[in-house]
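Visitor: Starting from these lines, generate the structure:
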Amino acid sequence: MNDYTSIIVVSHIPNPKRAEVFQLSLTSLIETTKELPCEIIVVDNGGNSIVSELLLSMSKSGKIQHYIRNSTNLSFGIGRNQGYACASGNYICIADNDILYKQGWLQACLHIMKKYPDKKIYSSCIEYPTGFLKERYDVGTLDGYNLNMRAGSNCFVVRRKDYIEIGGFYPHRIAGTKWTDKAVKLGYVCAVSPEPLCEDIGIRNGYAHSTLVGFKKVLTNREEVYLNRDEFKEKNPKLNYA
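Guide: Model prediction:
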């Protein structure tokens, strides 16, 4: 199908409040897409064994189509890349885990890209949260959709061919922002739906974006290799980095 969408969600649950927010978010995602041609891919970076068991059960029941479980937190950036590796859709959706999804959000995102297949746009249903920065990065409108250079980093839909051109995510604490930086440099802007069909319900509920965390893999020879490409690497230069 030419509008088949792969929806990628990365889960990392550092505390009970975040678990509550995540379950609300995922339930709304499933309910608003269950009749649409799409697949839901959840990459579990751990933090809560109860949530991990729930995700495994949802995978077995078919509520989510793919479930990837990492033994340690490999970051949102790497998790999204893992999800993309098994995605089969012509559209790729990066769906954050603290968004409340409302009916029609995916259809609205797909509509503008299908109508203008040659424009360098990707789409979101959630506006840039800070007013004065929203105004700074606005670049007009298209059929009622606001065009913005910075919106959508926490929830967006992009054509597969455009995602390939822009590339994947860095293992960075603000991986979404870094992805947007790459998109802007290549001339892409985000088309935000006229109606806000997604709601951020977790911006202050349990995830500290400014905290520097080391993302590492332990190799079969017990060697620890860090994956960071952010301030953690700058502040810990003597560690072994991939």
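
Visitor: For the chain, which residue occupies the most central location?
Guide: Residue closest to the average C-alpha location in the chain (CA atoms, centre = their mean): residue 94, at 3.3 Å.

Visitor: and that residue, backbone torsions?
Guide: phi -100, psi 110 (degrees, to the nearest 10).

Visitor: shift numbering so it begins at 4
Guide: Yep, numbering from 4; the last one is residue 97 now.

Visitor: In contact with it, which residues?
Guide: 11, 83, 158-161, 179 (CB atoms under 8 Å, 6 or more residues apart in numbering). C-betas here are computed from N, CA, C, even on glycine.

Visitor: name the helices or strands packed onto the biggest helix by length in the chain?
Guide: Of all segments of type helix in the chain, defined using DSSP state H, the longest is helix 19-36. Counting contacts by 3 or more CB pairs under 8 Å, 6 or more residues apart in numbering; DSSP states H and E, helix 19-36 is packed against strand 8-14, strand 41-47, helix 52-64, strand 102-104, helix 108-118.

Visitor: switch the cut-off to 7 Å
Guide: Counting contacts by 3 or more CB pairs under 7 Å, 6 or more residues apart in numbering; DSSP states H and E, helix 19-36 packs against strand 8-14, strand 102-104.

Visitor: For residue 213, report the pLDDT, please.
Guide: Looking at residue 213, its pLDDT stands at 67.

Visitor: winner for burial among the helices and strands packed on helix 19-36?
Guide: Highest mean neighbour count of the helices and strands packed on helix 19-36: strand 8-14, a mean of 25 (counted as mean count of other CB atoms under 10 Å).

Visitor: strand partners of that strand, parallel vs antiparallel please.
Guide: Strand pairing for strand 8-14, using DSSP bridges, gives strand 41-47 (parallel), strand 94-98 (parallel).

Visitor: Downstream of the lowest-mean-pLDDT helix or strand in the chain, the next helix or strand is which one?
Guide: Least confident helix or strand, the chain: helix 134-140 with a mean of 74, by mean pLDDT, DSSP states H and E. The element immediately downstream of helix 134-140 (helix or strand, assigned by DSSP states H and E) is strand 141-145.

Visitor: Could you pull out the buried residues of that next one?
Guide: For strand 141-145, a neighbour-count test (16 or more other CB atoms under 10 Å) marks 141, 145 as buried.

Visitor: just stretch 61-73 next, same as before
Guide: 61-62, 66-71, 73.
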